[in-house]
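# one predicted model, sequence on top.
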Amino acid sequence: MRIWAHRGCSQRYPENTILSFEKAAAIKGLTGIELDIQLTKDGHMVVIHDERVDRTTDGIGDVGGFTLAELKKLRIPAGNGRTECIPTIEEVLELLTPNFRDGFQLNIELKNNNYPYEGMEEKIVSLAAEKGLQRNIVYSSFSALSLEKLRRLDPEAQIGILDWKVSDCLFKARGGCGADALHPFWRAMDLPAERLRGYTVRAWLTGHLYPETPTGNRLDLAALEETGITDVFLNEPEMYCGER
């Protein structure tokens, strides 16, 4: 089973922050990190999950309603009086440069199923090419149209289709969206494992996020593998892997 850090080490540290990515980058045996990108009002790619800043920062409003300079003024509590800010995708790529040399991967989810950010696909594909990271990046989205566009922009891109049920992921993939991996909810594996052979199936989980108290529970990865899951996005990957 391949382990990914979901929004970084998001159980013990604020999600989608440089701090959470630093902690994840220090984990030995981790396949990669998952994060989310959106566009600012002035066209910059920033790393944040929700379409609004309310939950994770001290601000209020839609991500797309702020310029980058305005977003950078918002603070994310990180404990012990420390704060973080919303990073740009460029800042995250710079942080992970040493890991990329070892084959580390980054799953970039385009958060465009509710707000279709115009031109985001072109921006991220161009940046990946500029940095020479095409083979290190997996693109994912709930929007099949967005993935279809990504495939046109980069025919060799690694692409995963997000949905709730694995059957819906498979339907979208076969429908021509260009995805070569399925990204379902881990409890929505509604097809027998035999139907999924040959596919990479990266399952995502919900659950506790910082600053909630860690549960200390561990998943039975062997049981998940029997359902056809090949990879998992975990909030607490450090429980399953060691430090570098």
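Perfect, I can see it now.
# what sits up against the lengthiest strand in the chain?
If you go by DSSP state E, the chain has its longest strand at strand 32-39. For strand 32-39, the surrounding residues in contact (CB atoms under 8 Å, 6 or more residues apart in numbering) are 4-8, 16, 21, 24-25, 45-49, 51, 63-64, 89, 92, 96, 104-112, 115, 117, 119-120, 123-124, 138, 204, 233. From N, CA and C alone the C-beta is placed, and that goes for glycine too.
# of these, grab the buried ones for ChimeraX.
Those of those that count as buried under 16 or more other CB atoms under 10 Å are selected in ChimeraX with:
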select :4,5,6,7,8,16,21,24,25,45,46,47,48,49,51,63,89,92,96,104,105,106,107,108,109,110,111,112,117,120,123,124,138,204,233
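# out of the contacts of strand 32-39, which are inside helices?
Phe21, Ala24, Ala25, Ile89, Val92, Leu96, Met120, Lys123, Ile124 (DSSP state H).
# closest to Ala157 among those?
Comparing the ones in helices among the contacts of strand 32-39 against Ala157 with CB to CB places Ile124 closest, at 10.0 Å.
# so how far is Lys73 from that closest one?
24 Å (CB to CB, to the nearest Å).
# where exactly do the strands run in this protein?
Using DSSP E, strands in the chain cover 2-6, 27-28, 32-39, 45-47, 76-77, 83-84, 105-110, 137-141, 158-162, 181-183, 200-204, 231-234, 242-243.
# the second one - contacts with which helices or strands?
What that stands for is strand 27-28. strand 242-243 (3 or more CB pairs under 8 Å, 6 or more residues apart in numbering; DSSP states H and E).
# let's test this: mean pLDDT of the strand it packs on, rounded?
Throughout strand 242-243, pLDDT has a mean value of 58.
# same deal with stretch 201-214?
So the average pLDDT for stretch 201-214 ends up being 91.
# now do that stretch: everything it contacts.
Here stretch 201-214 makes contact (CB under 8 Å, 6+ apart) with 2, 4, 6-7, 10-15, 20, 34, 77, 79, 107, 138, 160, 162, 166, 181-186, 189, 215, 224, 228-236.
# dump the strands of the chain to JSON lines, plus distance to Phe171.
As requested, the strands of the chain are exported to JSON lines (distance: least, CB to CB, whole Å):
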{"stretch": "strand 2-6", "distance to Phe171": "24"}
{"stretch": "strand 27-28", "distance to Phe171": "34"}
{"stretch": "strand 32-39", "distance to Phe171": "23"}
{"stretch": "strand 45-47", "distance to Phe171": "29"}
{"stretch": "strand 76-77", "distance to Phe171": "37"}
{"stretch": "strand 83-84", "distance to Phe171": "39"}
{"stretch": "strand 105-110", "distance to Phe171": "20"}
{"stretch": "strand 137-141", "distance to Phe171": "15"}
{"stretch": "strand 158-162", "distance to Phe171": "9"}
{"stretch": "strand 181-183", "distance to Phe171": "10"}
{"stretch": "strand 200-204", "distance to Phe171": "14"}
{"stretch": "strand 231-234", "distance to Phe171": "20"}
{"stretch": "strand 242-243", "distance to Phe171": "38"}
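# the ones you listed: which one's closest to Gly175?
strand 158-162 (9.4 Å).
# direction-wise, compare that closest one with strand 200-204 and give the angle.
For strand 158-162 against strand 200-204, the angle by axes from the mean of the first three to the mean of the last three CA atoms, to 10 degrees is 50 degrees.
# next, the buried residues of strand 158-162.
Those would be Gln158, Ile159, Gly160, Ile161, Leu162, for strand 158-162 by 16+ other CB under 10 Å.
# confidence score at the third one?
When you say that, I think you mean Gly160. For Gly160, the pLDDT comes out at 98.
# so who does it touch?
Asn107, Val138, Tyr139, Ser140, Ala179, Asp180, Ala181, Leu182, His183, Thr200, Arg202.
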